[in-house]
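1. Make a model of this:
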Amino acid sequence: MPEPSLKLKTARTLKWNAIDRVSSQVLYAVTGVVLANILSEDDFGLVGALLAFQAFAILFVDSGFGAALLQRKDTSERDYSTVFWFNLCVSVVVYAILFFCAPLIADMFQGDRRLIPLSKVMFLTFILNGLAIVQTNRLMKRMDVKQIAISNTVGLTASGAVGIWLAVTGAGAWALVWQSVTLASVKTAWLWATGKWWPRYGFHLDSLRKIWRVGLSVFSSSSLNTLFLYIYSFIIGGFYNLASLGLYTQADKWSKMGSASISQILTSSFVPLLARVQDEPETFRRYVWKINRFTAFILFPAMLGLALAGTPLFHTLFAEKWDGAILLFQLLTVRGIFVVLASLYSNYLLALGYAKRLFSIEVVKDLMILAAILATVWSGSLPILVWGQLGASALTYVAALAIVCRATGYKAGRMIADLLPSLLITLIACAVAAIPLIPGIIPDFNSIRLSAALQLSGVLIIGAGAYIGICRIVGLPELKEASAYLLGRFRKKTTQQGDK
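-> Okay, the predicted model is just below:
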């Protein structure tokens, strides 16, 4: 049977990545809503405290070698086996260290002794995930991600069922712990059953040395990013309490479902396009102009609309249980705008090959986060701490704007002007969409969920109608382009132009 062409492999990879992303988001959302309605703030805070340690443990287990295997063109079976045995040995050692350090972890979070048994079970997940690193990388290397997508779907389904069943039976935080363990177990078992690979060649130092340089570079960058990704969990759990950490964990999780999805869909699609014209400055800047405007057209209404609908959204999903997380969710959602834009600008630098300037943005971001924490942590107020996080992201955006403008020759004033039309239209649409939130506009019912659902529907329908209507009135070209994409006319037009 002939080997599929690179074009066909790419198409299949894109298809299964899209299936994986959509199905994972839906399963995460459904399971998350059910568990949030059953479990307490304290339960989520306990597990949130452990997630930071788990993230660092996985980094040490992988040590950047997973990415190194993907980047190497001449990866051999000896390399795969060496990395597998390295990952296994490191995972066992790190687990043993954290197992005996469980009491110290509890001391870091108000001395809560419940964390000791929870951590000893929770940390089994990075051993299980470590066993799947090589299996996953081999499939990605072959551009055969179908089984990865299926393993995620099966794992999320099984773990969601286990987590919900344990939560209903009163297991508390243990429901979240066993949900994580089940997810890692099922995913790893599926990949081993379908991957058709077993380590055979043992451990070889020469193979390790070949991939060490790339692996070390990835490990260093990932460690810095992970540290500042989870630093707020350490701060909130250590300086406040686990209930506050639970509120923050919920707000952060739901806000990122919007910003992360937009960032992945928008920014990852533009790098290959820009890389083709990196040696044509005028063409590059023309594409930057179009991408800026199209991103603003999608980003502002999605994120500001989500922030506006925060209260009816949370009341529809959780009634009044997570009211303490609503303001945090709204602030983090607005913060997501700056995060997505900074990520977009980083992709411009990546397309031009400016790796050092990418690192500069990362350093600026980390310094801003540190400054915001030092300025707000002593207030004793969780909302003020998150306000500081929003401010740090805004300042990071300004720094990223300055760096990317200097690299591309695209003026900062023009870059901001690209965003203004969609931003102004969004603000007007949000003002109109806020009408259903005015007290007395929507009748009060005995069920808070029903009232909130009507408010949420009103905000979304009126807001979307106002936004699209104003865009049509002012003749915003991005609306026509988006419509062409959705209706398939863009592809037809492009094909006809290509034929000519």
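
2. Assign residue 440 to helix, strand or coil.
-> Classification of residue 440 using DSSP: H, G, I helix; E, B strand; the rest coil returns coil.

3. all helices for the stretch 201-350 of the chain, in order.
-> Taking DSSP state H, counting those that start in this stretch as the criterion, the stretch 201-350 of the chain contains helices spanning 205-239, 242-276, 281-308, 310-318, 326-352.

4. can you pull the buried residues of the third one?
-> In this case it means helix 281-308. Across helix 281-308, burial judged by 16 or more other CB atoms under 10 Å covers 284-285, 287-288, 291-308. Every residue, glycine included, has its C-beta placed from N, CA and C.

5. that older thread, next, format the helices of the stretch 201-350 of the chain as a markdown table and append distance to residue 95.
-> Formatted as a markdown table, the helices of the stretch 201-350 of the chain follow (distance: least, CB to CB, whole Å):
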| stretch | distance to residue 95 |
| --- | --- |
| helix 205-239 | 18 |
| helix 242-276 | 23 |
| helix 281-308 | 38 |
| helix 310-318 | 35 |
| helix 326-352 | 32 |
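
6. Between those helices, which one is closest to residue 413.
-> Counting by CB to CB, residue 413 lies closest to helix 281-308 out of the helices of the stretch 201-350 of the chain; the figure is 12.5 Å.

7. Now do the closest one against helix 326-352, angle only.
-> Angle, helix 281-308 to helix 326-352, by axes from the mean of the first three to the mean of the last three CA atoms, to 10 degrees: 170 degrees.

8. Return the list of helices and strands in contact with the helix or strand encompassing residue 459.
-> Here residue 459, judged by DSSP states H and E, is contained in helix 448-474. Here helix 448-474 touches helix 281-308, helix 310-318, helix 412-433, helix 477-487, going by 3 or more CB pairs under 8 Å, 6 or more residues apart in numbering; DSSP states H and E.

9. need the next SSE after the helix or strand containing residue 360, C-terminal direction.
-> In this assignment (DSSP H and E), residue 360 forms part of helix 355-376. Using DSSP H and E, the next helix or strand after helix 355-376 towards the C-terminus is helix 382-408.

10. now that next one against helix 412-433, angle please.
-> Counting by the same axes, to 10 degrees, helix 382-408 lies at 140 degrees to helix 412-433.

11. For helix 382-408, name the packing helices and strands.
-> Counting contacts by 3+ CB pairs under 8 Å, 6+ apart, helix 382-408 packs against helix 205-239, helix 242-276, helix 281-308, helix 326-352, helix 355-376, helix 412-433.

12. let's see it at 7 Å
-> helix 242-276, helix 281-308, helix 326-352, helix 355-376, helix 412-433 (3 or more CB pairs under 7 Å, 6 or more residues apart in numbering; DSSP states H and E).

13. average model confidence for the first one?
-> It stands for helix 242-276. For helix 242-276, the mean pLDDT works out to 73.

14. The last one now?
-> The pLDDT scores in helix 412-433 average 94.

15. What helices and strands are in contact with the helix holding residue 360?
-> helix 205-239, helix 326-352, helix 382-408.

16. Show me which residues of that helix are buried.
-> Across helix 355-376, burial judged by 16+ other CB under 10 Å covers 357, 358, 361, 364, 365, 366, 368, 369, 372, 373, 376.

17. now swap in stretch 460-476 and tell me
-> Buried positions in stretch 460-476, judged by neighbour count with 16+ other CB under 10 Å: 460, 462, 463, 466, 467, 468, 470, 471, 476.

18. outside of that stretch, which residues touch it?
-> Applying CB atoms under 7 Å, 6 or more residues apart in numbering, the external contacts of stretch 460-476 come out as 301, 305, 309, 421, 425-426, 428-430, 432-433, 435-436, 479.

19. one more time with 10 Å, if that's ok
-> The contact list for stretch 460-476, computed with CB atoms under 10 Å, 6 or more residues apart in numbering, reads 293, 297, 300-301, 304-306, 308-309, 312-313, 421-422, 424-426, 428-436, 477-480, 482-483.

20. For residue 241, see how far away residue 392 is.
-> Distance check for residue 392 against residue 241: by CB to CB, to the nearest Å, it reads 23 Å.

21. quick one, which of those two is more surrounded?
-> Between residue 392 and residue 241, residue 392 has the larger neighbour count (other CB atoms under 10 Å), namely 25 against 18.

22. correct me, but the more buried one touches residue 367?
-> Yes. Taking contacts as CB atoms under 10 Å, residue 392 lies within contact range of residue 367: 8.9 Å.

23. In this structure, where is pLDDT below threshold?
-> In the predicted model, the chain carries pLDDT under 70 at residues 1-22, 55-76, 140-145, 201-230, 264-279, 353, 355-356, 484-500.

24. ok, back up a step: rebuild the buried residues of stretch 460-476 as TSV, extending it with distance to residue 196.
-> Formatted as TSV, the buried residues of stretch 460-476 follow (distance: CB to CB, whole Å):
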residue	distance to residue 196
460	46
462	54
463	50
466	54
467	50
468	50
470	55
471	51
476	51
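
25. hmm, back to that, in a markdown table, list the helices and strands packed on helix 382-408 along with distance to residue 406.
-> Listed next are the helices and strands packed on helix 382-408 as a markdown table, based on distance: least, CB to CB, whole Å:
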| stretch | distance to residue 406 |
| --- | --- |
| helix 242-276 | 17 |
| helix 281-308 | 13 |
| helix 326-352 | 10 |
| helix 355-376 | 8 |
| helix 412-433 | 9 |
